[in-house]
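K.L.:
sharing a model prediction with you, sequence too.
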Amino acid sequence: MGKTILRRLISTVIVLIGVSIMAFALVRLGGGDPARLMLPETATDEEVEIMRDRMGLNDPLPTQYLTYMKGVVTGDLGYSYNFKMDVATLIKNRLPYTAKLAVVVMILSILISIPLGVVAGVHKGTGVDIFATFFALLGQSLSPVWLGLLLILLFGVTWHILPTQGADSWKNLIMPAICLAFQFSSLATRMTRSGMVDVLQEDYITATRARGVSNREINVKYAFKNALLPVVTVIGSQLGSMLAGSLVIESLFGWPGLGQLTITAINARDFQLVQSCLLFSAFIFVACNLIVDILYTFIDKRVKFA
């Protein structure tokens, strides 16, 4: 397994290099002069040229890219002239907020989706199954942005129960967590329910039931374990996305995480910060997928990590 993991790590590095090249190219193809945007409107051409030299914008593009990647390898992600601080420090300061939101969303979603999906799959065609199917369809069709605006209107503006912006207390976490958890839990519920229905129709389940094994043991020990693979895939990909930053939801609720930081960097044409946010997001996403691949071998011994 060690050699296989090493191959996956090498492929991860290749993916990250590709992402870095794309981010580098897209930022510079976006138009506008970052040096001029960083300065007041009254800045002279000479002051703009000095800023371009300081930011390394006058160097050839390959030189700029290699300089940036050299800094990435050594932990130097550049300097944000918009925030007046190192990019690495900015990401380090914002990451705990995004991680806190992601963990709360993940716990809430798992507590809702796994039991509901299992029960719906075991009792197919019953009222619980109908409710789970409706919940899954509603969550997948309802936009988190629309749900967020509705929550703000009701709980923030009309009833004044919850704060709508910032991260001053645990109350600020409730509405963004609900928006993200509602969509994610509906997807996980559908995957869990479909997995349980498919597994319970397998021949080995029928044979196990014929040997007199109780339904509870069949559902927990055999069916649920084998239905877990697609659910783990969903959890891993969604966790990676949330840790990378939920751009719209964080901006909507003023949650100071990586998502809001990325939006601010894009609007300010802070290309060093944009590049680093995209690269860091890709790293988180690829790392979560790698962890999911490794977990497969422990969940299902039939799966070979190759």
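P.N.:
That came in fine, so what should we check first?
K.L.:
alpha carbons only for contacts and neighbour counts from here, please
P.N.:
Will do.
K.L.:
which elements pack onto the host helix or strand of residue 195?
P.N.:
If you go by DSSP states H and E, residue 195 is part of helix 174-200. The contact analysis (3 or more C-alpha pairs under 8 Å, 6 or more residues apart in numbering; DSSP states H and E) places helix 174-200 against helix 87-122, helix 127-141, helix 144-151, helix 224-226, helix 228-244, helix 247-252.
K.L.:
so where's this structure shaky on pLDDT?
P.N.:
1-2, 4, 30-32, 244-245, 299-306 (pLDDT under 70).
K.L.:
give me the neighbour count for the closest residue to residue 261 other than its chain neighbours.
P.N.:
Distances taken as C-alpha to C-alpha, 6 or more residues apart in numbering place residue 94 nearest to residue 261, at 7.6 Å, with adjacent residues excluded. Residue 94 sits with 18 neighbouring residues when counted by other C-alpha atoms under 10 Å.
K.L.:
again, but for residue 171
P.N.:
Residue 171 has 13 nearby residues by other C-alpha under 10 Å.
K.L.:
ok, back up a step: take the helices and strands packed on helix 174-200 and lay them out in JSON lines including distance to residue 53.
P.N.:
Listed next are the helices and strands packed on helix 174-200 as JSON lines, based on distance: least, C-alpha to C-alpha, whole Å:
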{"stretch": "helix 87-122", "distance to residue 53": "19"}
{"stretch": "helix 127-141", "distance to residue 53": "49"}
{"stretch": "helix 144-151", "distance to residue 53": "41"}
{"stretch": "helix 224-226", "distance to residue 53": "59"}
{"stretch": "helix 228-244", "distance to residue 53": "32"}
{"stretch": "helix 247-252", "distance to residue 53": "32"}
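K.L.:
of those helices, which is nearest residue 285?
P.N.:
helix 228-244 (4.3 Å; C-alpha to C-alpha).
K.L.:
now name the helix or strand holding the closest residue to residue 229 other than its chain neighbours.
P.N.:
Distances taken as C-alpha to C-alpha, 6+ apart place residue 296 nearest to residue 229, at 6.8 Å, with adjacent residues excluded. Residue 296 belongs to helix 271-299 when elements are defined using DSSP H and E.
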